[in-house]
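predicted model and sequence below, questions to follow.
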Amino acid sequence: MHSGVLPVDAADFIKQSRLSGRMFNVYGFGGYLLWRLDPDIKVFIDGREDIYVAAGIAEDYMDADRYPQRWKHLADKYGIDFAVLSYPVTQPASPDMSLDNVAFGRSDWALVYFDDLAIIYVRRNGKNDGVLREREIKTVRPLQLSVYLNDIVRDPDRTDAFLREMNANLRRHPESFRAHALLGIFAMKRGPRFWEQGIEQFKRTLAINPEFEPAYSNLHTLYLALGRAREAADIAKKAPARNKSRP
């Protein structure tokens, strides 16, 4: 089972941390989670579409994560205690359109896990308080646009908290390209003194995942900002989007 395709590590976390209650999961994870977690934890939806269409679950599922009221209705109707999500195919148009804000406001939900494939939120309803105490991630927002980092870099205490949480995540997932990319963006936002750190983080990102286009564009920006035009041109030539556009 390939952990870059299926939520292998997320399932390990659910079992090892003993998350309990009713789970929501995205459609693409359903079959694997059914195989890994049943009978202790039931999936919300999987590839057996006829079952979920007939029961009305598929209708409730569709677009629920795009509208706050629809998500609240789903979470309350089915008594969801924790949710296993994937990263969106496209970035939200604005911060208020991100899943982090639309469905998982921090007053009602706690982020407890993220890797390169899956994100897990736990509802603040008392059923998994032990997991929240041990694993809640309070500062990092992997589903949010990076603009949220602008306030963090101006606050030394929040900067320290962000870096602690990111380093803890990297200890658990040392080959996480998303974690290295996020640290690179954070270094960019901290200012010129940290730009070399950003370059190293983006290089590490691409060493793990050479197809992650945002790392190329951010490296290009940093090289230009540092006056390193040749390196900027070289990295621009290597970017997947540029290469795919060639005949």
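Received the coordinates, thanks.

next, work out how far apart the residue nearest the centre of the chain and residue 80 are.
The centroid of the chain falls nearest to residue 142 when counting by CA atoms, centre = their mean (4.1 Å). Computed as CB to CB, to the nearest Å, the residue 142 to residue 80 distance reads 20 Å. To be clear about C-beta, it is placed using only N, CA and C from the backbone, and glycine gets the same treatment.

go on, residue 155?
Going from residue 155 to residue 80 by CB to CB gives 32 Å.

which of those two has more residues huddled nearby?
Comparing residue 155 with residue 80 by other CB atoms under 10 Å, the one with more neighbours is residue 80, at 20 against 12.

tell me which helix or strand comes right after the top helix by length along the chain.
Secondary structure of the chain per DSSP state H: the longest helix is helix 156-172. Using DSSP states H and E, the helix or strand that follows helix 156-172 in sequence is helix 177-190.

show me the shaky parts of the protein.
241-247 (pLDDT under 70).

repeat the analysis, applying 90 as the threshold.
Along the chain, the model assigns pLDDT under 90 to residues 1-5, 63-69, 88-102, 240-247.

now the helices for this structure?
Under DSSP H, the chain gives helices at 8-17, 30-37, 49-54, 57-61, 68-78, 99-102, 129-135, 149-152, 156-172, 177-190, 195-208, 213-225, 229-238, 240-245.

let's have those in CSV, adding mean neighbour count.
Output for those, formatted as CSV (neighbours: other CB atoms under 10 Å):
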stretch, mean neighbour count
helix 8-17, 18
helix 30-37, 18
helix 49-54, 12
helix 57-61, 16
helix 68-78, 15
helix 99-102, 20
helix 129-135, 14
helix 149-152, 15
helix 156-172, 14
helix 177-190, 22
helix 195-208, 19
helix 213-225, 19
helix 229-238, 14
helix 240-245, 10
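
check whether the residue nearest to the centre of the chain really touches residue 181, as I assumed.
No: Residue 142 lies out of contact with residue 181 (CB atoms under 8 Å); the separation is 10.5 Å.

wait, residue 22 touches residue 43, no?
No: look at residue 22 against residue 43 with CB under 8 Å: they stay out of range, at 10.2 Å.

look at the two and report which has more neighbours.
Shown here are residue 22 and residue 43; by other CB under 10 Å, residue 43 has more neighbours (21 against 16).

chain center to stretch 20-28, what's the gap?
For stretch 20-28, the separation from the chain centroid amounts to 16 Å (computed by CA atoms, centre = their mean, to the nearest Å).
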